[in-house]
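A.B. asks: below is the structure, and that's it, no one-letter string:
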């Protein structure tokens, strides 16, 4: 038998062996390897990392780092704010929020909190300075301007005024 | 030259004895029992019965492959079952978890979008440039609505691809079975003349979708072109764009997965459209198994070319004694050849050497993967149906 043929049969045998290792070893190792690559879900979906929390008497507001679109991404830049827990929110929320932490309120966010979790949410945002865009009666049409209930939080995304 | 469309028939190889076939099936029988053994006791017996039925199904199919020498005919039963039962199990899970097949924006933001393997090639460039995965799912293995995040699916895909190469498309893909089933319905093809340039379709779609995904930073294929959204989950139509997207999914599914396979007896979505299939073709170069044509035996009658569901054989490739790189090792051409000139082959060995040895080694690896991955999906779909009765 030629060397090439021997190598071919050896490789075929190894392939069968690898197949047997897939569910018990290889799949797990590859999964761990992929998870350790340091990749993250695009911030247009995840909303970016949380940078600050404003604590009120009953609930908190998490403020995320502003998200800017890549290349030809069709969404506008935005900042995400999470009101939670939903159970502690009043029937109507109207908060002036200092988004950038400079001690001045940047936006006023107003929305109703229906008891039924399936009721669609609508939000009004009044921009208190030129860095943010106002929104009137917005639901969940776009990733960059929306209000949705995600688990135990109400997530509001406010578009930034384009520089 | 006979070019009439035919269903692949049994090769001329004499059938093995029952005893020898059983002996060759033993490793797969042991593997199947290992994969489907479930020591947990459930109040509902449906999953256990489904696992048992699936194990027996997979063992019997492998036994028949050993007994008859046919591959395609018996693999097709598995593949069609996978194609039909995947949507059953998946849609059931989706309906239980969120009450609708529509994917709402809340689920995307929460990172609960189920991740399948089709967008894998689209994620590579954006990840390489920005370390961002342009998919609204979870990375962690335990994340995602289906319990398998992107890391889990990527790990599985990489491991199975290492073993099967492009064989993924015949032994692991849970979408291709629908069109393979459709293609097997008519006795002969009504549409026989297909421009061979359609063969470049998957590469064109792959290139366009990779570039578009990089430019728009979204999984462009999932958002706009995936025909299988019609039988898994669609974009919750929250505006006109969503309605257009869903319209495209339905039209592509009806055309490429239902109508054209019925007319051509080909896997038209795989052969002319699927970007993942094109991407997977690259891994045929790394796989040790392939299909060759023994020129000393070939007439050529071109029955293999007619039988190939993805047009991976051309007159020129037959003269060269090989398939195109899009060959997904389904075995249709091998089964169709009346002279046993089309053979399973291990790279580096003689084509006219020991093709049955090559077939056995390939089938052990491929069927082990089929049982592990496809079998578990079949069992889940079957359990969903059995829940109604048990």
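C.D. replies: Perfect, I can see it now. Worth saying up front: this structure is predicted, and the values here are computed from it rather than measured. Numbering: from 1, shown residues only, chains lettered A, B, ... in the order given.

A.B. asks: near the residue nearest to residue B:329 when sequence neighbours are not counted, how many other residues are there?
C.D. replies: Counting by C-beta to C-beta, 6 or more residues apart in numbering or on different chains, residue B:329 lies nearest to residue B:167, which is 4.3 Å off, once chain neighbours are set aside. For every residue, glycine as well, the C-beta is placed using N, CA and C. Neighbourhood size, residue B:167 [other C-beta atoms under 10 Å in any protein chain shown]: 27.

A.B. asks: check contacts around residue B:167.
C.D. replies: Contact analysis of residue B:167 by C-beta atoms under 8 Å, 6 or more residues apart in numbering or on different chains lists B:287, B:289, B:328, B:329, B:362, B:366.

A.B. asks: can you confirm it is in a helix?
C.D. replies: Yes - under DSSP: H, G, I helix; E, B strand; the rest coil, residue B:167 falls within a helix.

A.B. asks: per-residue pLDDT, residue A:128?
C.D. replies: Here, the pLDDT recorded for residue A:128 equals 94.

A.B. asks: phi first, then psi, for it.
C.D. replies: Backbone geometry at residue A:128, expressed as degrees, to the nearest 10, gives phi -100, psi -10.

A.B. asks: roughly how far apart are it and chain B?
C.D. replies: 25 Å (C-beta to the nearest C-beta, to the nearest Å).

A.B. asks: these two touch, right, that residue and residue A:96?
C.D. replies: Yes - applying C-beta atoms under 8 Å, one finds residue A:128 in contact with residue A:96, separated by 7.1 Å.

A.B. asks: what residues of the strand or helix carrying residue B:243 count as buried?
C.D. replies: Using DSSP states H and E, residue B:243 sits in helix B:240-252. Residues B:242, B:245, B:246, B:248, B:249, B:252 are the ones in helix B:240-252 that count as buried (16 or more other C-beta atoms under 10 Å in any protein chain shown).

A.B. asks: which one's more surrounded, residue A:128 and residue A:96?
C.D. replies: residue A:128 (17 against 13).

A.B. asks: domain parsing for chain A?
C.D. replies: For chain A, automatic domain parsing gives the domain ranges A:1-39, A:43-159.

A.B. asks: isn't residue A:99 up against residue A:106?
C.D. replies: Yes - counting by C-beta under 8 Å, residue A:99 does reach residue A:106; the two are 4.3 Å apart.

A.B. asks: look at those two and report which has more neighbours.
C.D. replies: Taking other C-beta under 10 Å, residue A:99 and residue A:106 do not tie; residue A:99 has more neighbours (25 against 18).

A.B. asks: wait, what's in contact with the more buried one?
C.D. replies: Applying C-beta under 8 Å, 6+ apart, the residues near residue A:99 are A:63, A:79, A:81, A:106, A:107, A:132, A:158.

A.B. asks: distance check, it against chain B.
C.D. replies: 19 Å.

A.B. asks: name the SS class of that residue, please.
C.D. replies: Residue A:99 carries the three-state label coil when classified by three-state DSSP.

A.B. asks: ranking helices and strands of the chain by mean pLDDT, which lands last?
C.D. replies: Let's take chain A. In chain A, no helix or strand scores lower on mean pLDDT, DSSP states H and E than helix A:27-35, which sits at a mean of 89.

A.B. asks: hmm, I had chain B in mind actually
C.D. replies: Going by mean pLDDT, DSSP H and E, chain B bottoms out at strand B:234-235, a mean of 80.

A.B. asks: anything in contact with each of residue A:128 and residue A:96?
C.D. replies: Shared contacts of residue A:128 and residue A:96, counting by C-beta under 8 Å, 6+ apart, come down to A:105, A:107, A:108.

A.B. asks: any idea how many residues pack against the second one?
C.D. replies: By that I understand residue A:107. Count around residue A:107 with other C-beta under 10 Å applied: 23.

A.B. asks: just the buried positions in the least confident helix or strand of chain A, please.
C.D. replies: Per 16+ other C-beta under 10 Å, helix A:27-35 contains these buried residues: A:27, A:28, A:30, A:31, A:34, A:35.

A.B. asks: hang on, the third one packs against residue B:160?
C.D. replies: Just to be clear, that refers to residue A:30. No - Residue A:30 lies out of contact with residue B:160 (C-beta under 8 Å); the separation is 9.9 Å.

A.B. asks: please identify the buried residues of the longest helix anywhere in chain A?
C.D. replies: Longest helix in chain A by number of residues, with DSSP state H as the criterion: helix A:3-21. If you call a residue buried by 16+ other C-beta under 10 Å, then helix A:3-21 has these buried ones: A:5, A:8, A:9, A:11, A:12, A:15, A:16, A:18, A:19, A:20.

A.B. asks: residues in contact with stretch A:34-45: which ones?
C.D. replies: Residues contacting stretch A:34-45 (C-beta under 8 Å, 6+ apart): A:46, A:65, A:67, A:69-70, A:73, A:75, A:143-144, B:108-109, B:111, B:126-127, B:130-141, B:150-151, B:154-155, B:158, B:217-218.

A.B. asks: mind doing that once more with 6 Å?
C.D. replies: The contact list for stretch A:34-45 (C-beta atoms under 6 Å, 6 or more residues apart in numbering or on different chains) reads A:67, A:75, A:143, B:108, B:127, B:131-134, B:136, B:151, B:154-155.

A.B. asks: for residue A:47, give its distance to chain B.
C.D. replies: Residue A:47 sits at a distance of 7 Å from chain B (criterion: C-beta to the nearest C-beta).

A.B. asks: how many neighbours does that residue have?
C.D. replies: Residue A:47: 22 surrounding residues under other C-beta under 10 Å.

A.B. asks: from residue A:141, how far out is it?
C.D. replies: Distance, residue A:47 to residue A:141, using C-beta to C-beta, to the nearest Å: 16 Å.

A.B. asks: tell me which parts of chain A are close to chain B?
C.D. replies: Neighbours of chain B within chain A, by C-beta under 6 Å from any C-beta of the partner chain: A:4-5, A:7-8, A:11-12, A:15-16, A:18-19, A:22-23, A:26-27, A:30-31, A:34-35, A:39, A:41-42, A:45, A:70-73, A:140-141, A:148, A:150.

A.B. asks: grab the nearest non-local neighbour of the spatially most central residue of chain A.
C.D. replies: Compute the mean C-alpha point of chain A, and by C-alpha atoms, centre = their mean the closest residue is residue A:46, 1.8 Å away. Nearest residue to residue A:46, sequence neighbours excluded (C-beta to C-beta, 6+ apart): residue B:111, at 6.6 Å.
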